[in-house]
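Undergrad: Sequence first, predicted coordinates after that:
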Amino acid sequence: MTSIFIAGDSTAAKKEASAWPETGWGEKIGLFFDQNVLIQNKAKNGRSSKSFIEEGRLAEIEKEIQPGDYLFIQFGHNDQKIQEDRGTKPFGDYLAFLTQYIEVAQKQQACPVLLTSISRRDYLVDGKLNNETLGQYPEAMRMLASKLDVPCLDLFKITQEWLADFEIEETKEFFLHSQSNRLPNYPNGVIDNTHLSDLGAYCVASLVAQTIEKSPLSLKQQLIK
């Protein structure tokens, strides 16, 4: 049995029933693998590469991860909040913290995989997606992956390309959007361009699986064809 551990933020995390239909892509990724893959979704809402470590969550993964397992590492959204204690600088401590995840996986003879953060639903005045909505964090992660020769799934690029295939109004269904009195958990309505809906989480998980299939990762052999 191969385990995929996910270290990340709310875009991947498992949600409480009270948040439905908000869903993390980590809740759906298991649908694309055979029965020999176990998803260990350790992602948590609101965490950055820094706060995840400070709370002891990486240490917990280190105790559980086994040789041959995978550690998926996706942070960036909350690292952007540099005015808060959890924030990091993209070409500074962000890279230092990401390196700690990589070292933990390698120490345990597991495979670290970096994943750039998924795009927000963020449009410019000309109607095009904002390719700087995650700042320099995706580029910083790509650079680190190249420097350390670690696999990188570029979800930011892939989700930007995916969203660009739809009209602006159409992309609302992939995120947490609703008018008032439509969703029991959001009676006053909700406009959230960061967190995924159930459909959006499934679509992003599908994109993750497609990216793995095109990658050199041996994990692709356990995808459901």
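TA: Cool, the structure landed. Being a predicted model, the structure only gives us computed values, none of them experimental.
Undergrad: Next, count neighbours for residue 125.
TA: 5 (other C-beta atoms under 10 Å). Glycine gets a C-beta too; all of them are placed from N, C-alpha and C.
Undergrad: Can you say which helix or strand has residue 142 in it?
TA: Here residue 142 sits within helix 137-148, counting by DSSP states H and E.
Undergrad: can you map out the strands along the chain?
TA: Remark: strands assigned in the chain by DSSP state E are 2-8, 37-41, 70-74, 111-115, 152-153, 175-178, 190-196.
Undergrad: out of those, deepest packed?
TA: strand 70-74 (a mean of 26; mean count of other C-beta atoms under 10 Å).
Undergrad: and the angle for that strand with strand 2-8?
TA: Relative orientation of strand 70-74 and strand 2-8, computed by axes from the mean of the first three to the mean of the last three C-alpha atoms, to 10 degrees: 20 degrees.
Undergrad: Given strand 70-74, what are its sheet partners and their directions?
TA: Using DSSP bridges, the strands paired with strand 70-74 in its sheet are strand 2-8 (parallel), strand 111-115 (parallel).
Undergrad: the residue most distant from the middle of the chain, which is it?
TA: The centre of the chain is farthest from one residue, residue 181, which by C-alpha atoms, centre = their mean lies 29.8 Å away.
Undergrad: Measure how buried the closest residue to that residue other than its chain neighbours is and give me the count.
TA: Take residue 181 and drop its neighbours on the chain: the residue closest to it by C-beta to C-beta, 6 or more residues apart in numbering is residue 187, 6.2 Å away. As a burial measure, residue 187 scores 11 neighbours (other C-beta under 10 Å).
Undergrad: Give me the phi and psi for residue 187.
TA: phi -60, psi -30 (degrees, to the nearest 10).
Undergrad: and residue 225, what pLDDT?
TA: On pLDDT, residue 225 comes in at 78.
Undergrad: That one - how many residues pack around it?
TA: The burial count for residue 225: 4, using other C-beta under 10 Å.
Undergrad: swap in residue 210?
TA: There are 16 residues near residue 210, going by other C-beta under 10 Å.
Undergrad: same check, this time on residue 180
TA: Neighbours around residue 180, by other C-beta under 10 Å: 10.
Undergrad: From the chain's centroid, how far away is stretch 116-130?
TA: Centre-to-centre, stretch 116-130 and its host chain are 16 Å apart (C-alpha atoms, centre = their mean, to the nearest Å).
Undergrad: again, but for stretch 147-155
TA: So, by C-alpha atoms, centre = their mean, the centroid of stretch 147-155 is 14 Å from its chain's centroid.
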